[in-house]
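Chemist: sequence first, predicted model second:
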Amino acid sequence: MNNEAVGTWEAADRKSSRRRAAPLRWPKLSASAWLLIAGIVALGIPTMLTVARVSWSTEQGGHGPLVLATGLWLMWREVPGALRLREAGNAWLGGGFVALCLLAYLVAHITGIIEVEGFAFYGALLGAGYLLFGGPVLRELWFPLFYLGFVFPPPDQAVAIITQPIKIAISEQAVNLLYALGYPIGSSGVSIQIAQYDLLVAAACAGLNSIISLTAICLFYIYVRHHANWRYSALLMLTIIPIAVFANFVRVILLILITYYFGDAAAQGFAHDFAGLVMFLISVLTIFAIDGLAAPLRRALGNGHDDD
């Protein structure tokens, strides 16, 4: 009798497992819904080609292909569960939002403002998602959708305004440190003088432009590894910007020393790119190290359970 009960329980468990593992079918959409999706995707193809050509080849936007690939992987992983919450969105609200985004897209496309064009296209895509699948689905997919926004370049002017004070502070501290170590170095306005060489602060601190890349990659790591522990994830996210600033400080020191010992040509050539790689590696390894050292805090914020 006991064996029979166990067998019954195991059969029920297998049936439940098959039900959980059953693939979720894509919901049936009307012809007008498919037309909306096809139209927005058709608009997005030239935009994405322009983004790839203009932004993805730069230090500031080089993370784009990686974000696109990992973001689509997140969507593939999480969409099936989210679609169980599907409900039609408000037609007036969603339709109005899509119309505004398409209008902004048209103006930006005509004027050649790729930053606005990219985000307007993405906004129209999100609006269409709201119309077809509803707000609960979008809320369930909030991180993949937010993360995919990093595919598109932010306005250069906004980035310059935000990062300029940080660049000046980094260059001043780098000069102070090397001067204290006995190097013949000084700074004047927008330039750094080391021996007979002059470096522009903007060029030396150009790595700060990749702060968006570092933020995107670190956010992906935190979400995939610790999203179940949101308190700890929030604290770890607060370290991203300081880590990026510290890594750029190391990059500036490295470029100055390369200039001093090997000349300006070396710093502006291969060594400049190598310094950028070092900055990226320092940032990623630093957040890994902080994450590892903060294991007790992670367990405390996770109610005694580690989410590794």
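Modeler: Yes, it's here.

Chemist: C-alpha from now on. contacts and neighbour counts both.
Modeler: Noted.

Chemist: contacting residues around Phe121?
Modeler: Going by CA atoms under 8 Å, 6 or more residues apart in numbering, Phe121 touches Ile40, Leu43, Gly44, Thr47, Cys101, Leu102, Tyr105.

Chemist: oh, that last question was meant for Cys101, not what I typed.
Modeler: With CA under 8 Å, 6+ apart, Cys101 has these contacts: Ala120, Phe121, Gly123, Ala124.

Chemist: which strand or helix spans it?
Modeler: helix 91-111 (DSSP states H and E).

Chemist: tell me which helix or strand comes right after that helix.
Modeler: helix 114-133.

Chemist: quick check, distance from whatever helix or strand comes next after that next one to the centre of its chain.
Modeler: Using DSSP H and E, the helix or strand that follows helix 114-133 in sequence is helix 135-140. Relative to the chain's own centre, helix 135-140 is displaced by 20 Å; criterion: CA atoms, centre = their mean, to the nearest Å.

Chemist: what are the buried residues along the helix or strand that helix 135-140 is followed by?
Modeler: Per DSSP H and E, the first helix or strand lying C-terminal to helix 135-140 is helix 142-148. Buried residues in helix 142-148, counting neighbours by 16 or more other CA atoms under 10 Å, are found at Phe143, Pro144, Leu145, Tyr147, Leu148.

Chemist: the residue lying closest to Ser191 once chain neighbours are set aside: neighbour count?
Modeler: With CA to CA, 6 or more residues apart in numbering as the criterion, Ser191 has its nearest non-adjacent residue at 4.4 Å, and that residue is Leu200. For Leu200, the neighbour count with other CA atoms under 10 Å is 16.

Chemist: residues in contact with the helix or strand where Pro46 lies?
Modeler: Assessed by DSSP H and E, Pro46 sits inside helix 31-54. Defining contact as CA under 8 Å, 6+ apart, one finds that helix 31-54 is touched by Gly64, Ile114, Glu117, Gly118, Phe121, Ala124, Leu125, Ala128, Leu132, Phe152, Pro153.

Chemist: and if you look at stretch 125-138?
Modeler: So stretch 125-138 is contacted by 33, 36-37, 40, 82-83, 85-91, 94-95, 97-98, 145 (CA under 8 Å, 6+ apart).

Chemist: domain ranges for the chain?
Modeler: Following automatic domain parsing, one gets these domains for the chain: 31-151, 157-301.

Chemist: quick one: average confidence on the first one?
Modeler: Along domain 31-151, the predicted local confidence has a mean pLDDT of 90.

Chemist: pull the distance from it to the chain's centre.
Modeler: The answer for domain 31-151 is 15 Å, by CA atoms, centre = their mean.

Chemist: perfect, I'm done here.
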